[in-house]
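*Asks:* Sequence plus the predicted model coming up.
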Amino acid sequence: MKPLKTYACYLKNEEIRMNSSSGAVFSSLAFYVFENQGIVYGVAMSEDCYSAEFISVTDEAGLKRLRGSKYLQAKMGDTYKKVKADIIAGRMVLFSGTGCQINGLKNYLNVGNVDIRKLICVDVICHGVPSPRLWGKYAQYHEKKNGGKLKMIHFRCKDGGWMKFGIRVSVVNAYGNEVKKRYISKDKDSYMQMFLRDYCLRPSCYECAAKDIKMSDITIADFWGIDDIVPKVNDNKGISLVLIRTEKGQLIFDEVSREMWIQDVSYEDGIKNNPAEYRSAERPVQRDVFFEDMQSMSFEKLEKKYIVLPINKKVRRKLKNILMSILRICRGG
């Protein structure tokens with residue numbers, strides 16, 4: 001379904017932008033809802049970082065927990081019931097999730113004949129939803145490797161820039177003191193590679209009905225390929241692709257876009273490097289075997305079987321020294 005309008009944009013507030021996955025459009029929409037005494041629903045990591053869950057927030061302090069992507073399946077719980085209650089109470093509600101979660105909410109409210117004029121639905125262009133079981137193994141792997149408990153996970157850390165984002169992990173000891181903080185490029189992180197290679201997605205993600213039925217007001221995503229569409233605007237801090245799907249979405253976006261750099265682009269240009277807007281992930285031939293292995297293998301074993309990791313500098317140096325020794329012996333040195 002082609003949107004009403006397509007934009008490239010980013011929030012001019014650099015601090016908020018750098019702490020967001022792309023151009024901070026979600027934060028801008030949330031601020032608008034807060035100003036109207038509304039409530040915002042989105043996904044946050046649990047306290048122990050072992051799961052993701054939907055929560056609601058009413059101020060900027062709470063919003064910090066919702067910023068950034070969470071690459072694992074989130075617990076819905078009774079969120080739909082809470083959204084319904086808030087709407088019936090007359091509150092403005094912003095609900096952010098994947099396309100299938102938006103469709104589920106809209107269908108649930110439609111069955112109850114709920115007036116949704118104060119509901120704003122924002123979805124993300126979704127690559128697919130990874131397994132919570134795999135994430136649990138990955139979390140345990142980090143705690144064992146770093147000798148502490150996970151305190152913070154940032155999936156879309158921009159320490160290496162927006163284009164080459166990575167995971168930032170913070171581990172604390174039994175007294176709550178930070179003992180290690182690591183940044184791992186997405187190209188070197190095994191969990192991200194399992195996700196990007198589509199090994200660990202839900203079965204429905206390979207045949208996603210939400211690609212054809214879009215019920216959100218606004219869709220947001222990273223504007224991959226911006227350099228080919230709007231040259232010289234990319235400062236590697238994050239640029240959003242925004243697809244306006246309803247008149248309500250357009251009216252609200254017009255309100256928040258005053259604080260943004262914004263440019264109209266064609267839909268075709270916007271999705272050229274975002275095929276997940278219209279196409280489901282392709283099911284890998286290894287997918288079923290991967291899930292069987294995931295039941296019995298540790299994350300380390302899964303990593304060795306499915307992901308070829310780059311050789312670290314220490315190992316590379318050792319191999320180089322061994323090779324040089326062999327060459328000296330061969331030359332009679």
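*Replies:* Great, that's in hand.
*Asks:* Helices of this protein, start to end?
*Replies:* Taking DSSP state H, the helices of the chain run over residues 14-18, 25-35, 60-66, 79-88, 99-111, 132-146, 190-196, 226-229, 247-256, 267-271, 287-296, 299-306, 313-330.
*Asks:* Distance check, the residue most central in space within the chain against Arg156.
*Replies:* In the chain, the C-alpha closest to the average C-alpha coordinate belongs to Ser69, at a distance of 2.5 Å (CA atoms, centre = their mean). To Arg156, Ser69 is 5 Å away according to CB to CB, to the nearest Å. For the C-beta atoms, the positions are set from N, CA and C on the backbone; glycine is no exception.
*Asks:* how close does Ile213 sit to Arg245?
*Replies:* Using CB to CB, Ile213 is found at 11 Å from Arg245.
*Asks:* Now do the same contact list for Ala8.
*Replies:* Contacts for Ala8 (CB atoms under 8 Å, 6 or more residues apart in numbering) come out as 223, 226, 229-230, 233, 239-242, 262-263, 265, 270.
*Asks:* what about it, distance to Val265?
*Replies:* From Ala8 to Val265 the distance is 5 Å (CB to CB).
*Asks:* and for these two, which residues touch both?
*Replies:* 229-230.
*Asks:* partner residues bridging Thr6?
*Replies:* With DSSP bridges as the criterion, Thr6 is bridged to Leu243.
*Asks:* if we can go back for a sec, quickly list what's touching both of Ser69 and Arg156.
*Replies:* Here Ser69 and Arg156 have Ser21 as joint contacts, going by CB under 8 Å, 6+ apart.
*Asks:* Give me the nearest residue to Cys157, chain neighbours excluded.
*Replies:* Leaving aside its chain neighbours, Cys157 sits nearest to Arg168 (3.8 Å; criterion: CB to CB, 6 or more residues apart in numbering).
*Asks:* Now for that neighbour: which residues touch it?
*Replies:* Neighbour list for Arg168: 152-154, 157, 159, 181-184 [criterion: CB under 8 Å, 6+ apart].
*Asks:* Now distance to Met76 too, for the residues you listed, in TSV please.
*Replies:* Below are those laid out as TSV (distance: CB to CB, whole Å):
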residue	distance to Met76
Met152	23
Ile153	20
His154	23
Cys157	26
Asp159	31
Lys181	31
Arg182	30
Tyr183	31
Ile184	29
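*Asks:* Type out the ChimeraX command that picks the buried ones from those residues.
*Replies:* Burial among those is assessed by 16 or more other CB atoms under 10 Å; the matching ChimeraX selection reads:
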select :153,154,157,184
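*Asks:* Looking at the contacts of Arg168, which one is closest to Tyr191?
*Replies:* Nearest to Tyr191 out of the contacts of Arg168 is Ile184 (CB to CB; 9.1 Å).
*Asks:* where does that closest one land on pLDDT?
*Replies:* Note on Ile184: pLDDT of 91.
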